[in-house]
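# Just a sequence and a predicted model for now, questions to come.
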Amino acid sequence: MTLRFVGALVFAAAMAGLFPAPAAASCLQTTVAQNAALADVVVYGTVTETRQTFAPAGGVIRFRGDRFLKGTLPGEVEVYLGPSRGGAITSVDYEAVQRGQAHTLYLRAASSGAWETNACSGSHVGEPMAEESALFGAGNPAPPAGPRDTTPLAIGAIAIAIIALAAALVARRYAGPSTLTTTSP
């Protein structure tokens, strides 16, 4: 072996010690019934938005449920994809990275009205599997979306109307002398 080759091996070994690979974890093998017992909500639906939190951190998605197998959600919700709730990436973070993709999620309540799932919870891409359909049945469709809250729009329209009225009053007050003249007969 050449000295250059040995040096490269020593350098590679030293770098491997400085930059260890992420630890690989595996999930315990659990049944659908066990996963369902641990979940607050089991839902089939669509990823509507994906984003990353502070780097390095696990991801967060917006999710809209279409069919509820267990529990319900209040419309579209925020879902953390790992147990760290936006913290460091873990080896059990769930990967739901495509907007518009359908998933069956096993969710647990997190803080502030958000939810969480991970790779060990039973969540998966696509429609419910045969075992899930056997356990849960067909599920319940999502309730119709309620009317959107238009309060901010109404407040903005009122503010614009008040500003326009104030501008008209100010303009009228500071209008110059009238250019209309009257003539007497």
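Perfect, thanks for sending it.
# Any idea which helix or strand in this protein has the lowest mean pLDDT?
helix 3-18 (a mean of 46; mean pLDDT, DSSP states H and E).
# What does residue 140 show for phi and psi?
Dihedral pair for residue 140: phi -110, psi 140, per degrees, to the nearest 10.
# can you pull the contacts of it?
67-68, 72 (C-beta atoms under 8 Å, 6 or more residues apart in numbering). Glycine gets a C-beta too; all of them are placed from N, C-alpha and C.
# Can you name the residues bridging to it?
residue 68 (DSSP bridges).
# So what's the predicted local confidence for it?
Note for residue 140: predicted pLDDT of 86.
# cool, and residue 163?
94.
# Same question for the one 4 residues further on.
The predicted local confidence for residue 167 comes out at a pLDDT of 88.
# picking up where we left off before, looking at the contacts of residue 140, which is nearest residue 42?
Closest approach to residue 42 among the contacts of residue 140 (C-beta to C-beta): residue 68, at 7.5 Å.
# so that closest one touches residue 74, yeah?
No - the pair residue 68 / residue 74 is not scored as a contact, 11.6 Å apart, by C-beta atoms under 8 Å.
# what about these two, which has more around it?
Set residue 68 next to residue 74 and count neighbours by other C-beta atoms under 10 Å: residue 68 wins out with 19 against 9.
# helix or strand for residue 135, which one?
In the assignment (DSSP states H and E), residue 135 maps to helix 130-136.
# Now do that helix: which elements does it pack against?
helix 32-38, strand 59-70 (3 or more C-beta pairs under 8 Å, 6 or more residues apart in numbering; DSSP states H and E).
# The helix or strand in which residue 49 is found - contacts with which helices or strands?
Of the helices and strands defined by DSSP H and E, residue 49 is found in strand 41-52. Applying 3+ C-beta pairs under 8 Å, 6+ apart, one finds that strand 41-52 contacts strand 59-70, strand 102-109.
# shaky segments in this protein?
Residues of the chain meeting the criterion pLDDT under 70: 1-26, 52-58, 83-91, 96-97, 145-149, 175-185.
# Just grab the bridge partners of the closest residue to residue 63 other than its chain neighbours for me.
Of all residues not flanking residue 63 in the chain, residue 79 sits nearest, at 4.9 Å (C-beta to C-beta, 6 or more residues apart in numbering). Listed by DSSP bridges, the beta-bridge partners for residue 79 are residue 61, residue 115.
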